[in-house]
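1. Any chance you can model this:
(one chain, ligands or ions: 2)
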Amino acid sequence: MRYVSTRGDAPELDFAGATLAGLARDGGLYVPTEWPTLTRDDIAALAGLSYAETAVRVMLPFVGDSLSEDELRALCETAYGRFSHKGVTPLVQLDHDQWLLELFHGPTLAFKDVALQLLGLLFERFLTGTSERLTIVGATSGDTGSAAIDAVAGRENIDIFMLHPAGRVSDVQRRQMTTVLSPNVHNIAIEGDFDTAQALVKAMFNDPGFSGRFRLSAVNSINWARLMAQVVYYFYAAVRLGGPDKAIAFSVPTGNFGDVFAGYVAAQMGLPIARLIVATNVNDILHRALSTGDYSSATVTPTATPSMDIQVSSNFERLLHDLGGRDGLALGDQMRGFESSRAMRLTNAQQQGAASLFQSARVDADRMAQAMRWACDNAAQTIDPHTAIALAAALDSGIDAPMVTLATAHPAKFPDAVERAIGTRAPLPPRVGDLFEREERYVTLPATFEAVTAWIAERATPRA
Ligand SMILES: Cc1ncc(COP(=O)(O)O)c(C=O)c1O
Ligand SMILES: N[C@@H](CCOP(=O)(O)O)C(=O)O
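-> Ligands and ions are numbered 1, 2, ... in the order given. Model prediction:
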């Protein structure tokens, strides 16, 4: 399988190359040249397989010659062997046709572990035998940071520099990053919001001086391998609920549009999906874009769902590319227009193409809290606020199909918001139980390219 940039002006790469590159040289995102498909029989044959084996069958077409099937299987078994639930991503029934897909049984208690545990191993595998040292630069609104750090802490040949918005992640989220004291882990609190941190990271890739000096790579969902690994759980859940004979709907708490784009990829691969609900909090750029065609960025409002406090959604570019006939050069113009004005209109083809699979909902803080209480009262489930945004959207959707809400984080990551909604705090699971006794280490920097790159340059290893 080959990978091209959404902006049509970067070298084509194989899977290993796209994984190590992260962002394309022209500022675009790597996508496969075509969507591989699984037949109905292939999908039906996934029933009863373990999560790791499902992952092998779904991801194999994407890895091409970069890994053998046995190598991929060994990596999947290692990655998913670290999850605390045997089913890795178990389904929990809430009501007649309402389900939760629990994606938070990995080491850092959020769905990011599903992809990042694998990505850490892929980096190590693709660096083996080279003399290269990777400098990972990432931005997090709370969950990607800890999952990526857990995946690469202590690994030879990798340094990680993770930017988070100062004071805008929960205490648990911050401590999950800043208490990892391995010498290759560097946490930077940015005086700004997540969008600013994400823009700084992209600017590092796009600056020839900086990216020429260090071998940069990405752990955010701008890295194709992140999304590829997230496609798997759509298949895994759907076959357990009657797929491919039944079409399943999914409701996805959305910020950077990575998780729900993975659902779109599953649909392109042949999985019957009834609808994909893009559920946003009041930072609703995606809801406005999908319902009116107006993709214009507003100031980020801090909420009780900090991981979704995003107003520039990286992966939306991948959808617009696919729906715009994969015309990279035209999309490059459209995206550069957005980057300079922070506003753009979707074309008719993009808007209509999106409407055939996606619907969207904007969920405010009151409706989110009601959904948390509904889960508690009706199904004895304590859910996290991000999951509650998607559950509210699912309950209000009017969709007549089995509905799976993606439970993206463990409620213990957001104890204050959970307590405000349902009156009790969710305890931290034993694997992170002593988090508040651990020493923290991070630096706070102004949100300027100069300040951040100077700090990183003092600590990263230049290319050989
Ligand atoms: C708990 C949680 N839910 C939902 C999201 C939104 O997912 P995405 O950015 O893939 O849209 C995030 C952040 O990515 C998150 O950490
Ligand atoms: N919500 C994310 C933001 C980054 O998203 P990513 O999926 O692109 O890594 C976070 O928790 O960090």
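2. what phi and what psi does the backbone show at Asp95?
-> Asp95 has phi and psi values of phi -160, psi -180 when expressed as degrees, to the nearest 10.
3. I'd like to know the beta-bridge partner residues of it.
-> Beta-bridge partners of Asp95, counted by DSSP bridges, are Gln98.
4. Which stretches in the stretch 201-350 of the chain count as helices?
-> 208-213, 224-240, 258-268, 285-292, 316-323, 328-341, 348-355 (DSSP state H, counting those that start in this stretch).
5. Which among the ones you listed is found nearest to Asp366?
-> Proximity of the helices of the stretch 201-350 of the chain to Asp366 was assessed by CB to CB; the nearest stretch is helix 285-292, lying at 16.7 Å. Placement of C-beta: from N, CA and C, glycine included.
6. helices and strands around that closest one, which ones?
-> Using 3 or more CB pairs under 8 Å, 6 or more residues apart in numbering; DSSP states H and E, the elements in contact with helix 285-292 are strand 273-280, strand 294-296, helix 348-355, strand 358-362.
7. Quick one: closest of the ones you listed to Val418.
-> Of all those, strand 273-280 comes closest under CB to CB, at 18.0 Å.
8. just checking, what packs against the closest one?
-> Using 3+ CB pairs under 8 Å, 6+ apart: strand 273-280 touches strand 248-253, helix 258-268, helix 285-292, strand 358-362, helix 385-395.
9. contacts for the helix or strand hosting Asp416?
-> Element membership for Asp416, per DSSP states H and E: helix 415-422. With contacts defined as CB atoms under 8 Å, 6 or more residues apart in numbering, helix 415-422 is touched by 170, 172, 304-305, 368-369, 372-373, 376, 382, 384-385, 388, 411, 424-426.
10. now those residues: which count as buried?
-> 170, 172, 304-305, 368-369, 372, 376, 382, 384-385, 388, 411, 426 (16 or more other CB atoms under 10 Å).
11. if we take the residues you listed, which one ends up nearest to Ala451?
-> Once CB to CB is applied, the member of these that ends up nearest Ala451 is Ser170, at 25.2 Å.
12. can I assume the closest one is in contact with Pro411?
-> No - counting by CB atoms under 8 Å, Ser170 stays clear of Pro411, with 11.2 Å between them.
13. circling back to that earlier point, can you put the buried ones among the contacts of helix 415-422 in JSON lines and add distance to ligand 1 and pLDDT?
-> Below are the buried ones among the contacts of helix 415-422 laid out as JSON lines (distance: CB to the nearest ligand atom, whole Å; pLDDT from 0 to 100):
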{"residue": "Ser170", "distance to ligand 1": "10", "pLDDT": "93"}
{"residue": "Val172", "distance to ligand 1": "12", "pLDDT": "94"}
{"residue": "Ala304", "distance to ligand 1": "12", "pLDDT": "96"}
{"residue": "Thr305", "distance to ligand 1": "7", "pLDDT": "96"}
{"residue": "Met368", "distance to ligand 1": "12", "pLDDT": "98"}
{"residue": "Ala369", "distance to ligand 1": "16", "pLDDT": "98"}
{"residue": "Met372", "distance to ligand 1": "14", "pLDDT": "98"}
{"residue": "Cys376", "distance to ligand 1": "18", "pLDDT": "97"}
{"residue": "Thr382", "distance to ligand 1": "15", "pLDDT": "97"}
{"residue": "Asp384", "distance to ligand 1": "7", "pLDDT": "97"}
{"residue": "Pro385", "distance to ligand 1": "8", "pLDDT": "98"}
{"residue": "Ala388", "distance to ligand 1": "10", "pLDDT": "98"}
{"residue": "Pro411", "distance to ligand 1": "11", "pLDDT": "97"}
{"residue": "Ala426", "distance to ligand 1": "14", "pLDDT": "91"}
